[in-house]
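**Student:** Quick one, what's the 3D model for this:
(2 chains)
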Amino acid sequence: MYRTNTCGELNIANVGQEVTLCGWAQRIRKMGGMTFIDIRDRYGITQLVFSNEINASLCEQANRIGREYVLQATGKVAERSSKNAKNPTGEIEIIVDTLKVLNEAATPPFTIEDDTDGGDDLRMRYRYLDLRRTCVRANLELRHKMAFEVRKYLDEHGFLEVETPVLVNSTPEGARDFVVPSRMNAGQFYALPQSPQILKQLLMVSGFDRYFQIVKCFRDEDLRADRQPEFTQIDCEMSFVEQEDILNMFEGMTRHLFKAIKGMDIPVLPRISWHDAMKYYGSDKPDTRFEMKFVELTDILKGYGFAVFDSAAYIGGICAKGAASYTRKQLDALTEYVKRPQIGAKGMVYARVEADGNVKSSVDKFYSQEVLQQLKAAFQAEAGDLILILSGDNADKTRKQLCELRLEMGSQLGLRDKNKYSCLWVVDFPMYEWSEEENRLMAMHHPFTSPKPEDIPLLDTDPASVRANAYDMVINGVEVGGGSIRIHDSQLQAKVFEVLGFTPEKAQEKFGFLMNAFKFGAPPHGGLAYGLDRFVSLFAGLDSIRDCIAFPKNNQGRDMMLNAPGELDPSQLEELNITTVIKSK
RNA sequence: GGUGCGGUAGUUCAGUUUGGUUAGAAUACAUGCCUGUCACGCAUGGGGUCGCGAGUUCGAGCCUCGUCCGCACCGCCA
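**Tutor:** As a prediction, this is how the structure comes out:
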């Protein structure tokens, strides 16, 4: 037996016991006549003590230990003469009588501490060392707990976890696929699933009326702090349900997670239509930890000779409570912020509500106090508030800019507390959105999404205005999940493909098996998928989903530890029937 | 495809403004001293392709161009 206990569990009650611990040497403090070694495993840290007085040769042995050596130590648990309140095991130490070096270790390139001295680059190249750090390990422990609670909740509600294949077909629409060559089928390729969407719908046809899977999905698109090329979904689907049933089921699951993991009771999730989300927040994933909703000011401010506003198609603003104390310098910085190319506003107008109730704006020469009071009334602003206004010739674009400004103000005013959570449903997404690039309508969610029944007639007359039975769950401005009621009627599915510009032949080629399956008795069904990485990041308060993934990819989609992707031997390529390979740089 | 920031000791960074003798600090590492430390302390020491390449110059860590790499973002992500 290697060990009797872990390094995190011994305390004052164990004093006098003979124990054996295994772990890594975290820190070594040599005092001359005595030596302390902190031994670490994933459960905690325990202090080992060696003394010349007790055993000089053992103490000498301890002095030769280096950082991160793998140790096995046997000795007696003793109460410390000077305790360390910072450590749960800080009241005791082990007076060692046998020390065995199970393995030596090279000095790690960065310190194995929560506040490590290692940069991102280095930590990713030595991720296995990075994962020794308590703060990183804690993220994976949280991830495990959340996945476990998900399985528990879904199992209790009759869901079956079914595995679906990873080698499937490339699908048109949506993200780029990762592809895998087929040795046995020359010139043909598998694709890795962007999600098991079609497969889970086929499982509904098979009668698995409550399915889920915690499953890897793959999208060959550029990365972000919240986007990895392979990521994990909690993929769920139900039969004989309406939208309401699905919202209730998964609101319940979210509530369960908050309770089980955070000990928090969350309120009923408010619902907002996609249209209103765009109107009041300029985003389909609003951060509702704070209000600061948009107010449209076009009617109030247009027509007073201020050319910027008079020529604008949309004027809108937000009211930052208590921010009238913002200095000119701060306001200039905000203006610069919204003028950054990524945001693209032309400028910003501000108005302060002063202590006497008067409004002082940056465009006073165009507006009477009377008009400015209308402005104040539009926000129900009070003394001390700051109104920020953007305008533009494109309402949607201006709202997007205003959205960035709102989030920045929320951050500056400390309204985006990581320990506070605000959840909501965004519902009634449009079926389609116009693609400038492809010059056609594209499915906003995916092409299997059902239109709202009352909007079906519009498919022929005004497809762009058709709303879908689609919904997203948003927490703190993060889209943690999304789903829809699916089409289960092959005729309607064919119609939707038609609007997307598929010829019947193309639709048959790509999705024939699905439409065929629907002819054999498809139940009404729908579902939802959570992004597990994002959900864990939210609960852990992380800035990047990388921190809750054991071995993530970098900005360029590379695994810096494995140095993947890599080149193949010519013989492998030949076997795969790949004759032309563009050499990497 | 694009924008911004960064790349100097094992590591984290300063030095670049205004080109000029031997490129510094902290930490880590090594050695020595130290019997109650817990970020132990003290002393000494070793450690550098200033990402790479070209150019300007009498002279480049510093200026110019190119290139590679990392991070954040835009496009993209049904």
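**Student:** sec struct for the residue lying closest to A:F290 once chain neighbours are set aside, please.
**Tutor:** Setting aside the residues directly before and after it, A:F290 is nearest to A:L415 in space (CB to CB, 6 or more residues apart in numbering), at 3.7 Å. For glycine as for every other residue, the C-beta is placed from the backbone atoms N, C-alpha and C. Counting by DSSP: H, G, I helix; E, B strand; the rest coil, the backbone at A:L415 sits in coil.
**Student:** does A:L415 really touch A:I318, like I thought?
**Tutor:** No - the criterion here is CB atoms under 8 Å, and A:L415 misses it with A:I318 at 11.8 Å.
**Student:** More neighbours: the two, which one.
**Tutor:** A:I318 (24 against 18; other CB atoms under 10 Å).
**Student:** re earlier: give the residues shared as contacts by A:L415 and A:I318.
**Tutor:** Common neighbours of A:L415 and A:I318, counting by CB atoms under 8 Å, 6 or more residues apart in numbering, are A:292, A:409.
**Student:** low-confidence ranges in chain A?
**Tutor:** Across chain A, the ranges flagged by pLDDT under 70 are A:581-585.
**Student:** Can you check which helix is longest in it?
**Tutor:** helix A:134-156 (DSSP state H).
**Student:** packing partners for the next helix or strand after that one?
**Tutor:** Moving toward the C-terminus from helix A:134-156, the next helix or strand (DSSP states H and E) is strand A:160-161. Here strand A:160-161 touches strand A:210-218, going by 3 or more CB pairs under 8 Å, 6 or more residues apart in numbering; DSSP states H and E.
**Student:** Look up how far A:D97 lies from the residue nearest to A:R40 when sequence neighbours are not counted.
**Tutor:** Computed as CB to CB, 6+ apart, the closest residue to A:R40 that is not its neighbour in sequence is A:Q26, at 4.2 Å. According to CB to CB, to the nearest Å, A:Q26 and A:D97 sit 21 Å apart.
**Student:** Those two: which is more packed in?
**Tutor:** A:Q26 (20 against 14).
**Student:** Let's verify that one: helix, strand, or coil?
**Tutor:** A:Q26 ends up strand, using three-state DSSP.
**Student:** pretty sure it is in contact with A:I45, am I right?
**Tutor:** Yes - judged on CB under 8 Å, A:Q26 makes contact with A:I45 at a distance of 5.8 Å.
**Student:** Mutual contacts of those two, please.
**Tutor:** Counting by CB under 8 Å, 6+ apart, the shared contacts of A:Q26 and A:I45 are A:38-39.
**Student:** Count the neighbours of A:A529 for me.
**Tutor:** Residues near A:A529, counting by other CB under 10 Å: 23.
**Student:** Help me confirm that it comes into contact with A:T232.
**Tutor:** No - A:A529 is beyond contact range of A:T232, at 10.1 Å (criterion: CB under 8 Å).
**Student:** wait, does the helix or strand where A:I198 lies contact RNA strand B?
**Tutor:** A:I198 belongs to helix A:197-205 when assigned by DSSP H and E. Yes - using CB under 7 Å from any atom of the strand, helix A:197-205 reaches RNA strand B at A:Q197.
**Student:** What are the contacting residues of that helix?
**Tutor:** Residues from elsewhere that reach helix A:197-205 (CB under 8 Å, 6+ apart): A:162, A:164-165, A:168, A:171, A:193, A:211, A:213, A:235, A:237-239, A:446, A:448, A:486, A:488, A:511, A:514, A:517-518, A:520-523, A:525, A:527.
**Student:** Can I get it in CSV, CA atoms only?
**Tutor:** Provided in CSV are the C-alpha atoms of helix A:197-205 (Å, rounded to 0.1, in the frame of the first residue of the first chain):
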residue,chain,number,x,y,z
GLN,A,197,-28.5,17.6,-34.2
ILE,A,198,-29.7,15.2,-36.9
LEU,A,199,-28.8,12.1,-35.0
LYS,A,200,-30.8,13.1,-32.0
GLN,A,201,-33.8,13.9,-34.1
LEU,A,202,-33.5,10.4,-35.6
LEU,A,203,-33.4,9.1,-32.1
MET,A,204,-36.8,10.8,-31.5
VAL,A,205,-38.1,9.0,-34.6
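**Student:** List phi and psi for whichever residue of the stretch 251-400 of chain A sits closest to RNA strand B.
**Tutor:** Evaluated by CB to the nearest atom of the strand, the stretch 251-400 of chain A has A:Q342 as its residue closest to RNA strand B, separated by 3.8 Å. Phi and psi for A:Q342, reported as degrees, to the nearest 10, are phi -70, psi -30.
**Student:** Domain parsing of chain A, as residue ranges.
**Tutor:** Domains of chain A are assigned by automatic domain parsing as A:12-103, A:138-271+A:423-548, A:290-412.
**Student:** Please render the ones you listed as TSV that adds distance to A:M1 to the earlier fields.
**Tutor:** Converted to TSV, those look like this (distance: least, CB to CB, whole Å):
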stretch	distance to A:M1
domain A:12-103	8
domain A:138-271+A:423-548	25
domain A:290-412	53
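**Student:** so where do the strands sit in the stretch 251-400 of chain A?
**Tutor:** Counting by DSSP state E, counting those that start in this stretch, the stretch 251-400 of chain A has these strands, from start to end: A:271-273, A:295-296, A:314-320, A:349-353, A:359-361, A:386-392.
**Student:** Just the buried positions in the first one, please.
**Tutor:** This means strand A:271-273. A:I272 (16 or more other CB atoms under 10 Å).
**Student:** That strand - which strands sit beside it in the sheet, and in what orientation?
**Tutor:** For strand A:271-273, the paired strands and their directions (DSSP bridges) read strand A:423-427 (parallel).
**Student:** List the contacts of A:E242.
**Tutor:** Taking CB under 8 Å, 6+ apart as the test, what A:E242 contacts is A:485, A:524, A:526.
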